[in-house]
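Trainee: What would the 3D arrangement of this be:
(one chain, ligands or ions: 1)
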Amino acid sequence: MSKVLVIGAGGVSSVCVHKMAMNPGIFSDIHLASRTVSKCEAIAESVKSRTGVEISTYAIDAEDVPALTALIKATGAGLVVNLALPYQDLTIMDACLAAGANYMDTANYEPKDVARFEYHWQWAYQDRFKAAGLMALLGSGFDPGVTSVFAMWLKKHKLRTIRQLDILDCNGGDHGQAFATNFNPEINIREVTAPARHWEKGAFVETPAMAHKVQFDFEGVGPKNMYMMYHEELESLAKFIPELERARFWMTFGDAYITHLNVLQAVGMTRIDPVMYEGREIIPLQFLKAVLPEPSTLGATTKGKTNIGDIATGEALDGSGEKTFYIRNICDHEACYEETGNQAVSYTTGVPAMIGAAMMLTGAWKGANGEGGVFNIEQLDPDPFMAMLNTQGLPWTVEELAGPVAF
Ligand code: NDP
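Mentor: Down below sits the predicted model:
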């Protein structure tokens, strides 16, 4: 029996739990807990009607470590898959240690009061997980997640070294709303309004948010403007691919999204410090989240494709000089909705979350010598993960380009 407890009941969780239920040979007993139990029940109902699999649901505040520890023990879960918000990463890791369960997530810890995406808080758990013989897998979504596995696959099969890496994240989907975000709006807006940072010659270089724009023609989508921004996998990629001279992350945004965001920022609606409103403190960005559409409701109307991948340049493994490869997945919003009831941004995160969990439960991924510890996805063998991407709905292609990127 492989018992798994999933925490959080948003779009990513919904996809992950559906895909777990579609792989009963790996996930034989699925438990789902979140702050709002009715959201867990709605996912359970959809899973039951689509797959016939029953899952158990619970209400939990994942910031309450004793309550979460008791829930992990009561379910008997050997693995906790954290698909709540980055704010809960550390309390869920604490509860896993207390209950003796392995841990996995898709986004690194972030304090509520400052938008800082850094791994050091979670890396600090290394000794405790190792001493307990437990494994924590960090960043098993698409980005972070698949984009790092893509880089490590290229490094294993095509390139001896990676000199330059560009991660290109394009969402060509249209949801028909004037302004909405495709995953948690608070996390999304904190991410895109933070200054851009990229890795260059051994250090991070900071530039103003959304200052670097490049047009790129994405297969399956067409030409789109993409903007350089900071993304958390740049930190772990720079650590685990030490020869990297330059690593950058790019994301596409439409002009209407940028215009709305500029206005919201100019009027103070994206602030994350408390302001007084009618005698009580509110956080403007949290209020904004409350009035924006829930990402999980966008699935029914979203049309178009995502195209996310890596362009890497380095010395070829076969000694034939410098080569450039482009490795990517293209995913269709409507097909994702048909299969799981969720759009492609949730799908491209929830499927790799399921695959990361499968890697841990089947023992395909263990720490060095089977020891416990805290691992970024770059530290593990890309091959079994890449094979499952192909069979679980996120097929990928790799092509050689004529030379390094010109931008
Ligand atoms: P949602 O906001 O849709 O869902 C988050 C869920 O977590 C909600 O059900 C929420 O409950 C629950 N939650 C929040 N706080 C708590 C708490 N204290 N205790 C228990 N449950 C809680 O987010 P998404 O599904 O879009 O994203 C989920 C995660 O995936 C996020 O961490 C996000 O950063 C990450 N992500 C990663 C990506 C990647 O490629 N690596 C891409 C996209 C997302 P309630 O509904 O009651 O508020």
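Trainee: Report the mean confidence score over stretch 51-64.
Mentor: For stretch 51-64, the mean pLDDT works out to 98.
Trainee: Convert the C-alpha atoms of that stretch to PDB, please.
Mentor: Extracted C-alpha coordinates of stretch 51-64, given in PDB (Å, rounded to 0.1, in the frame of the first residue of the first chain):
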ATOM      1  CA  THR A  51     -12.000   7.300 -12.600                       C
ATOM      2  CA  GLY A  52     -14.200   5.500 -10.100                       C
ATOM      3  CA  VAL A  53     -11.500   5.900  -7.400                       C
ATOM      4  CA  GLU A  54     -12.600   7.000  -3.900                       C
ATOM      5  CA  ILE A  55     -10.400   9.500  -2.000                       C
ATOM      6  CA  SER A  56     -10.700  10.600   1.600                       C
ATOM      7  CA  THR A  57     -11.000  14.300   2.400                       C
ATOM      8  CA  TYR A  58     -10.200  16.400   5.500                       C
ATOM      9  CA  ALA A  59     -10.100  20.000   6.700                       C
ATOM     10  CA  ILE A  60      -6.700  21.100   7.900                       C
ATOM     11  CA  ASP A  61      -4.800  24.300   8.600                       C
ATOM     12  CA  ALA A  62      -1.400  23.400   7.300                       C
ATOM     13  CA  GLU A  63       0.200  26.000   9.500                       C
ATOM     14  CA  ASP A  64      -1.000  24.100  12.600                       C
END
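Trainee: from the middle of its chain, how far away would it be?
Mentor: 20 Å (CA atoms, centre = their mean, to the nearest Å).
Trainee: Is any residue of it near the ligand?
Mentor: Yes: Stretch 51-64 lies within reach of the ligand by CB under 6 Å from any ligand atom, at Ile60, Asp61, Ala62, Glu63. (Glycine included, C-beta is placed from N, CA and C.)
Trainee: Surely Arg190 and Ile283 touch.
Mentor: No: counting by CB atoms under 8 Å, Arg190 does not reach Ile283; the two are 11.0 Å apart.
Trainee: coming back round to it: which of the residues of stretch 51-64 next to the ligand sits closest to the ligand?
Mentor: Set against the ligand, the nearest of the residues of stretch 51-64 next to the ligand by CB to the nearest ligand atom is Ala62 (3.4 Å).
Trainee: Quick one: name whatever helix or strand follows the helix or strand hosting Ala136.
Mentor: Assigned by DSSP states H and E, Ala136 belongs to strand 135-138. Downstream of strand 135-138, the first helix or strand assigned by DSSP H and E is helix 146-157.
Trainee: quick one: contacts of that next one?
Mentor: 139, 161-162, 165, 167, 169, 233, 236-237, 240-241, 308-310, 312, 314, 317, 325, 327-329, 348, 352, 376-378, 382-383, 385-386, 389, 394, 396, 398 (CB atoms under 8 Å, 6 or more residues apart in numbering).
Trainee: and if we set it to 7 Å?
Mentor: The contact list for helix 146-157, computed with CB atoms under 7 Å, 6 or more residues apart in numbering, reads 139, 162, 165, 167, 233, 236-237, 241, 308-310, 312, 325, 327, 329, 352, 377-378, 382, 385-386, 389.
Trainee: Over to stretch 182-200?
Mentor: 10-11, 85-86, 115, 171, 181, 204-209, 211-212, 228-230, 234, 238, 244, 246-248, 261, 265, 270, 272, 285-286, 288-289, 292, 295, 298, 343, 345-346.
Trainee: which bits of this structure sit near the ligand?
Mentor: 7-13, 34-36, 39, 60-63, 83-86, 88, 106-107, 141-145, 183-184, 187, 295-296, 349.
Trainee: Neighbour count: Arg190 and Ile283, which is higher?
Mentor: Arg190 (20 against 16; other CB atoms under 10 Å).
Trainee: which residues in the stretch 151-300 of the chain form helices?
Mentor: 185-193, 233-240, 255-266, 284-291 (DSSP state H, counting those that start in this stretch).
Trainee: how about a markdown table for those helices, with distance to Glu339 and mean pLDDT added?
Mentor: Listed next are the helices of the stretch 151-300 of the chain as a markdown table, based on distance: least, CB to CB, whole Å; pLDDT from 0 to 100:
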| stretch | distance to Glu339 | mean pLDDT |
| --- | --- | --- |
| helix 185-193 | 23 | 84 |
| helix 233-240 | 26 | 97 |
| helix 255-266 | 26 | 90 |
| helix 284-291 | 27 | 93 |
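Trainee: Buried ones among the residues of stretch 51-64 next to the ligand?
Mentor: Ile60, Ala62 (16 or more other CB atoms under 10 Å).
Trainee: rewinding a little: just the contacts of helix 146-157: which are in strands?
Mentor: In this view, the contacts of helix 146-157 that belong to strands under DSSP state E are Leu165, Ile167, Ile308, Gly309, Asp310, Ala312, Phe325, Ile327, Asn329.
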